[in-house]
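A.B. asks: Return a 3D structure for these sequence lines:
(one chain, ligands or ions: 1)
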Amino acid sequence: MGLKIYINGEYFKKHQAKVSVFDHGFLYGDGVFEGIRSYDRLVFKLKEHIDRLYESAHGIMLSISLTKEEMAKAVVGALKLNNLDNAYIRLIVTRGAGDLGLDPRKCKNASIVIITDSIKLYPESLYKEGLSIITVPTPRNIPEALNPQIKSLNYLNNILAKIEAINSGCEEALMFTAQGYVAECTGDNIFIIKDNSLITPPAYLGILKGITRASVMGIAGKQGITVKEEVITRHNIYTADECFLTGTAAEIIPVIRVDKRIIGTGKPGKATLNLMKEFRKLTKTDGVKY
Ligand code: PMP
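C.D. replies: Numbering: from 1, shown residues only. Next up is the predicted model:
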């Protein structure tokens with residue numbers, strides 16, 4: 001049958017799924033989005049993703065014509081229609097078509113797009129062996145200018161950091177705040193394990209408040225692991241016992257090398273492997289069924 005893509009309440013074949021070149025999402029990155037996963041016909045953390053989407057939209061004064069309940073139904077509807085058991089869902093709301101000026105008032109109707117597909121960020125071997133990452137000079141957007149908690153369509157800050165990593169032969173970049181504290185990677189949050197505590201930077205520093213991040217903190221808390229949101233430095237990363245990244249697409253991926261410094265034993269750590277196992281269990285049991 002081929003993939004069907006939802007645009008403003010209608011479904012289109014992949015090659016016919018188009019938006020206007022006057023859409024301010026295209027012209028200016030004026031819009032917001034979410035990446036969501038489904039596992040064995042359960043949409044993982046759908047409510048959390050929809051809540052974050054509406055918060056991002058609220059932050060940029062973008063009103064969405066659907067209620068949250070209607071939006072959740074539309075996501076589930078697209079998954080059902082495409083008969084996908086396991087999917088990566090890209091939910092996008094743009095300012096809509098306007099003229100060539102910035103003025104968002106010219107955009108009368110926000111566009112809602114739902115793409116249900118699959119995603120594979122890293123090969124399976126990296127989940128077993130661990131990832132090597134590099135710190136990059138481009139700082140994460142300063143929250144006073146464009147808060148990284150808004151998941152906007154403008155990802156150039158992250159793309160520039162990604163280019164720096166690729167130029168240095170690495171797949172992922174660790175970004176810092178303008179003050180030099182650890183922020184996050186280009187599409188993932190970062191965690192370290194130190195002296196049996198799980199530590200991740202606080203959202204107020206200017207990072208995306210990841211939904212996988214929250215799940216991992218919840219799992220660790222239930223297991224009696226001390227969980228801390230703490231400002232950390234590059235040195236804290238280098239001297240961590242374990243390190244891993246979290247994100248909807250990447251899930252949990254161990255990090256074994258940062259700037260050529262070996263982290264811990266140089267192999268995915270015990271606590272990380274355990275969290276990966278527990279996270280896998282959660283994705284199989286927790287979710288909106290379709
Ligand atoms: N940080 C950034 C910049 C991201 O783009 C993402 C992925 N959306 C994350 C962190 C991880 O967030 P989540 O776990 O909600 O996917």
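A.B. asks: Can you list the low-confidence ranges for the stretch 1-150 of the chain?
C.D. replies: 1 (pLDDT under 70).
A.B. asks: So L126 sits against V255, correct?
C.D. replies: No: contact criterion Cβ atoms under 8 Å: L126 and V255 do not qualify, at 9.9 Å. No exception for glycine: its C-beta is placed from N, CA and C like everyone else's.
A.B. asks: what about those two, which has more around it?
C.D. replies: V255 (28 against 19; other Cβ atoms under 10 Å).
A.B. asks: can you pull the contacts of the residue of the stretch 51-200 of the chain found nearest the ligand?
C.D. replies: Proximity of the stretch 51-200 of the chain to the ligand (Cβ to the nearest ligand atom) peaks at G187, 4.2 Å away. Applying Cβ atoms under 8 Å, 6 or more residues apart in numbering to G187 gives the contacts 121, 158, 247, 249-250.
A.B. asks: Secondary structure of Y6: a strand, I assume?
C.D. replies: Yes: counting by DSSP: H, G, I helix; E, B strand; the rest coil, Y6 is found in a strand.
A.B. asks: OK, contacts around P202?
C.D. replies: 229-231.
A.B. asks: what do you get if the cut-off is 6 Å, keeping everything else the same?
C.D. replies: E229 (Cβ atoms under 6 Å, 6 or more residues apart in numbering).
A.B. asks: pLDDT score for it?
C.D. replies: With respect to pLDDT, P202 scores 98.
A.B. asks: Give me the phi and psi for it.
C.D. replies: Main-chain dihedrals, P202, degrees, to the nearest 10: phi -70, psi 150.
A.B. asks: ok, now D241?
C.D. replies: Dihedral angles (degrees, to the nearest 10) for D241: phi -80, psi -40.
A.B. asks: and what of the one 5 residues further on?
C.D. replies: Dihedral angles phi and psi of T246 (degrees, to the nearest 10) take the values phi -130, psi 140.
A.B. asks: Just give the nearest non-adjacent residue to it, would you?
C.D. replies: Once flanking residues are discounted, T246 sits nearest to T212: 4.0 Å by Cβ to Cβ, 6 or more residues apart in numbering.
A.B. asks: buried ones in the helix or strand where that neighbour lies?
C.D. replies: Assigned by DSSP states H and E, T212 belongs to helix 211-222. By neighbour count with 16 or more other Cβ atoms under 10 Å, helix 211-222 contains the buried residues 211-213, 215-217, 219-220.
A.B. asks: Within the sheet, what are the partner strands of the helix or strand following that helix, with directions?
C.D. replies: Toward the C-terminal end, the helix or strand that comes next after helix 211-222 (DSSP H and E) is strand 226-229. Sheet partners assigned to strand 226-229 using DSSP bridges are listed as strand 197-200 (parallel).
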